[in-house]
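Undergrad: Need the 3D shape of this:
(one chain, ligands or ions: 1)
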Amino acid sequence: MWLTNAAVLDVRSGTVTRDASVEVVDGNIASIERGRSGGSGDIDLAGRYLLPGLVSVHTHLSVLYPFSATDETEPSWVTVLRALGRAQDALQAGITTLRCVHEQNRADLLLRHAHSQGWVRVPRILGAGRAISTTGGHGHGMATSYADGPDEFLKAARTEFSFGADHIKIFITGGIADAGESLGAQMTVAEIEATVRAAVEHSSYVVAHAGSSAAIREALGAGVRSFEHAYELDDDTAGAIKAQGAFLTPTLCVTRCPDWMADHDFTSEQIARAMEVGPRHLASIRAAVAAGVPLVNGTDYPPGEPIEDTVVAVRELEFMVEAGLTPLQALQGATCTAAALIRREHQLGAVEPGLVADLIAVPGDPTQDIAALRDIEFVMSGGDVIRDDITVAA
Ligand SMILES: [Zn+2]
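TA: So this is what the prediction gives:
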C-alpha cells in the first residue's frame, strides 16, 4: 500500500518533503518516493503533513481518581477493562506507543499480550507492570509493589521482570498528590542501586518519580536513566541530567489543568496543591530546557483524554513549548527523542524506510505551530489504518 501526496516531515531535522509517497509493506515503511500518483488501494493524503505516530512515556491507564479510590483487591479484569478504554482513546488520538509506568494488576502487560494476539487494537505498549513503593511512601495504597531495603527492591524489581516488564518504576521522593507529602528523598541510595542492578541484569533501565534536585542527584549517581516530573529542579542538577545522558519527562499538565482535575474527581485540596507547585514546576522545566536536557512527552493523565478542545498529550506538548522548547523540539519529545529513551529508535519515532509504519497526518505544519497536532486526521499503527478522516471527507 502507498500513502500518496504527503508532505513528509523529518522530525530529526524539521525538513519537509512535499509531494512524497510512502510505501507500507508488512506493517513497515518500505520506501519513500517523490511524485508518485496513487493507484487502487492507495490512500491520498491530499497534501497533509505526515509524521510519526506520537509516543507518550508517562502513562497510567488503570488509575482511579482521586487516588484514594483505588481498591487494591480489585480483580484484574476490572482493571484491564478500565485500562483498555483509555488505551483505545489514545490510539484514536494518534498516540501509537505508550510507556506505562505503573498499572494496577499489571494491566499494561496484560493489554500488551492481548495486542500481540490481535484481540484488541491499542497502542504499542511498553510496561513497568507494578511500580515499587517504600512502605508508606509515594504510591502506597495505589496497588504498587512494596519493598524496603536493597534486598527487597532487588527482588521486587526482578519480580516485575519475571512478569515481562520492559522497565522498572520507582518513587525516589514524595509527590504532590496527598496532604503531608514532601518532595524529600524516600529511598536510600542502596535501594536505588539494587533496583538499577536488577534492571541491568535484564538490559533495561529505571524510571524514577522525582520531585527534587537532591534526590535526582543521588539517583543519577546510582544509574537511573529516566526522571519524571522534576517539580523542583536547580540549574546544576539539570546540567547533571544532561551530562549523564538521562531524560526528563516534565508532565507539566499535572500542575496546570485545574478544570480537568475538578472534572475527574480530584479533591479541591489536591487541585490547590498542584496549582501551588505550578510556577516552581515551570521554572524547573525552563532550567532543564536551558541545560539542554532531552525532554519527552508524558502526561500522568490518560494521554488520549479530551481537554481544552484537544487531548492531554497534545496539550502537554503545548506546555512544553511554553516552557521554552521550539515546536520541533517538543515534537521530537513525542517522537524520535522518546523513541531513544525507550530504546526503540531503530523501530519507532521517524518516517524512514525500515521503521514501523506508525504514522499520523495533520493539515498544518507542527514545526511552525505545535497546535497543528490538535487536528490529527489520519492514524496508522503498524500499517493498519486506525482512522482516516481525510478519505471520509473527500
Ligand atoms: Zn505517574
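Undergrad: where along the stretch 1-150 of the chain do the strands fall?
TA: Along the stretch 1-150 of the chain, counting by DSSP state E, counting those that start in this stretch, strands occupy 2-9, 16-25, 28-34, 43-44, 49-52, 54-59, 95-100, 124-126, 132-133, 145-146.
Undergrad: repeat for the stretch 251-394 of the chain
TA: Per DSSP E, counting those that start in this stretch, the stretch 251-394 of the chain carries strands over the ranges 306-307, 310-311, 359-362, 378-381, 384-388.
Undergrad: okay, the ones you listed, which one's buried deepest?
TA: strand 359-362 (a mean of 26; mean count of other Cβ atoms under 10 Å). For every residue, glycine as well, the C-beta is placed using N, CA and C.
Undergrad: which residues touch the lowest-mean-pLDDT helix or strand in the chain?
TA: Here the helix or strand of the chain ranked lowest by mean pLDDT, DSSP states H and E is helix 389-393, holding a mean of 87. Identification of contacts with helix 389-393 by Cβ atoms under 8 Å, 6 or more residues apart in numbering yields 43-46, 48, 361, 377-378.
Undergrad: Centroid-nearest residue for this structure?
TA: Most central in the chain under Cα atoms, centre = their mean is Val57, positioned 1.7 Å from the mean C-alpha point.
Undergrad: Surely that residue and Thr249 touch.
TA: Yes - using Cβ atoms under 8 Å, Val57 is in contact with Thr249, at 5.6 Å.
Undergrad: and for these two, which residues touch both?
TA: By Cβ under 8 Å, 6+ apart, the residues touching both Val57 and Thr249 are 226, 296-298.
Undergrad: Can you add distance to Val289 and neighbour count and give those back as TSV?
TA: Output for these, formatted as TSV (distance: Cβ to Cβ, whole Å; neighbours: other Cβ atoms under 10 Å):
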residue	distance to Val289	neighbour count
Ser226	17	23
Val296	13	28
Asn297	14	28
Gly298	16	32
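Undergrad: taking those one by one, which sit in helices?
TA: Of the positions in the shared contacts of Val57 and Thr249, not one sits in helices, assigned by DSSP state H.
Undergrad: now those as TSV including pLDDT and distance to Glu352?
TA: TSV is the format used below for the shared contacts of Val57 and Thr249 (pLDDT from 0 to 100; distance: Cβ to Cβ, whole Å):
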residue	pLDDT	distance to Glu352
Ser226	98	24
Val296	98	19
Asn297	98	20
Gly298	98	24
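Undergrad: and the two most separated of these?
TA: Based on Cβ to Cβ, the longest span within the shared contacts of Val57 and Thr249 runs between Ser226 and Asn297 and measures 12.8 Å.
Undergrad: shared neighbours of the two, which are they?
TA: With Cβ under 8 Å, 6+ apart, Ser226 and Asn297 have common neighbours 57, 249.
Undergrad: Identify the single longest helix in the protein, thanks.
TA: The chain, longest helix under DSSP H: helix 268-291.
Undergrad: Tell me who's in contact with Glu181.
TA: 138, 174-175.
Undergrad: now do Glu103
TA: Per Cβ under 8 Å, 6+ apart, neighbours of Glu103: 60-62, 79, 83, 109, 127-130.
Undergrad: Just give me the closest of these to Phe266.
TA: His60 (14.0 Å).
Undergrad: how close does the nearest residue to the closest one once chain neighbours are set aside get to Phe171?
TA: Leaving aside its chain neighbours, His60 sits nearest to His102 (5.9 Å; criterion: Cβ to Cβ, 6 or more residues apart in numbering). Relative to Phe171, His102 is positioned 9 Å away (Cβ to Cβ, to the nearest Å).
Undergrad: out of these two, which sits in the busier spot?
TA: His102 (30 against 24; other Cβ atoms under 10 Å).
Undergrad: What's the per-residue pLDDT of Ser76 here?
TA: With respect to pLDDT, Ser76 scores 97.
Undergrad: I'd like to know how far it sits from Lys169.
TA: 19 Å.
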